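J.: Sequence plus predicted model, see below.
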Amino acid sequence: MLKIDALLNAPVLNGVDLIGWGAKESGKVRDIYHWAGKRILITTDRVSAFDRVLGSIPYKGQVLNQLSAWWFEQTRDIVQNHLLAVPDANVTIAREAQALPVEVIVRGYITGITSTSLWTLYAQGERQPYGVRLPEGLRKNDPLPQSLITPTTKATGGAHDQRLTRAEIIERGLVEKTLWEQVEAAALALFARGQQVARRGGLILVDTKYEFGLIEGRLALIDELHTPDSSRYWQAAAYDAGGALAHFDKEYLREWFAQQGYRGEGDIPPMLAELRAEVAARYIAVYEQLTGKTFEPGAQPAAARIAQHLQAYRSAHER
């Protein structure tokens, strides 16, 4: 793994301007271009710990891009996905998909510190927050009796997600009943696979977010998969020993902000260089523990390298 001192001086990638690649969208952690029925996803080093709280984490984009691509290959037997090619450490080329208007969160443990987290809702007395009855006596960070699907609407324009139940999804016509049954089955199978692989790597997959869409009328997994931005990971040894939890995901950053007294409103405390490096080290650790590979960052200037690889791909696939 890269040492902390190397991460302190690492370059960060916060956006790439590509001329002639169609409309550009900028999300929390990626820039998206549309070209010839494909989506060019450039995952940057931007990170959001609370809604719209952004900072830079060295090599974050490369970790998310490469790890997500690795997971897509590990789960093709469960559900098809949108991945076409990974021409660069920061770039995924994907098929266009019709995104479903529901985000699917699967949880294996009851935890969280935000106002909408499952633990916060449970501690406030909610026992059926997503239409599924939770037992009495759960403590923070306990495993749930069974993996729980907690769907939400897809937030747009900075709005918060709205919690949904299975019945609401079908009654409101957000997803047709038969298709939603496919989504549920795929999400639970993906989560079970993710938990197995994480345990083998010394991690616990606590919860995760899945996004699904339709490609040529068939259900497909889209966006990213089982990364430290879309999932919560704990070090298994620390959890099993009953000690302090070691977060290896953006929850580490959320907790740091909370310790500074920031929970999404008011003045944002500055992210120290040492904090950025520590978060980067934890993201890289997730990549290495899950894949069994050593993380190797790209050596060339990121923007020039991305443009070069994308042009080569375009030349090979233009008709």
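T.: Here it is on my side, so go on. Here the structure is a predicted model, which means the values were calculated and not measured.
J.: now the strands: where do they sit in the stretch 201-319 of the chain?
T.: Per DSSP state E, counting those that start in this stretch, the stretch 201-319 of the chain carries strands over the ranges 203-215, 218-222, 231-235.
J.: Same check on the stretch 51-200 of the chain?
T.: Secondary structure of the stretch 51-200 of the chain (DSSP E, counting those that start in this stretch): strands at 54-56, 80-81, 83-88, 91-95, 98-109, 143-153.
J.: follow-up on the earlier one: would you list the strands of the stretch 201-319 of the chain in TSV and tack on mean neighbour count and mean pLDDT?
T.: (Each C-beta comes from the backbone N, C-alpha and C, glycine too.) Shown next, in TSV, are those (neighbours: other Cβ atoms under 10 Å; pLDDT from 0 to 100):
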stretch	mean neighbour count	mean pLDDT
strand 203-215	22	97
strand 218-222	20	98
strand 231-235	24	96
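J.: for the stretch 51-200 of the chain, which spans come out with low pLDDT?
T.: 51, 155-160 (pLDDT under 70).
J.: need the helices for it, in chain order.
T.: With helices called from DSSP state H, counting those that start in this stretch, the stretch 51-200 of the chain shows them at 60-74, 118-123, 166-171, 177-200.
J.: Quick one: closest of those to Ile268.
T.: Ranking the helices of the stretch 51-200 of the chain by distance to Ile268, with Cβ to Cβ as the measure, places helix 60-74 first at 18.2 Å.
J.: which residues sit against the closest one?
T.: Applying Cβ atoms under 8 Å, 6 or more residues apart in numbering, the contact partners of helix 60-74 are 12-13, 29-30, 41-47, 81, 83, 86, 89-92, 193-194, 197, 221, 224-229, 279-280, 283-284, 286-287, 290-291, 295, 297-298.
J.: Same check on stretch 199-207?
T.: By Cβ under 8 Å, 6+ apart, stretch 199-207 touches 105-109, 111, 118, 191, 194-195, 197-198, 226, 231-237, 239, 248, 286, 289-290, 292.
J.: rerun at 6 Å
T.: The list of residues contacting stretch 199-207 from outside it, by Cβ atoms under 6 Å, 6 or more residues apart in numbering, reads Arg107, Tyr109, Gly194, Gln195, Ala198, Arg232, Tyr233, Trp234, Ala236, Tyr239, Gln289, Leu290.
J.: From Glu251, how far out is Val183?
T.: Val183 sits 25 Å away from Glu251, going by Cβ to Cβ, to the nearest Å.
J.: neighbour count winner among these two?
T.: Neighbours per residue, other Cβ atoms under 10 Å: of Val183 and Glu251, the larger number sits with Glu251, 25 against 21.
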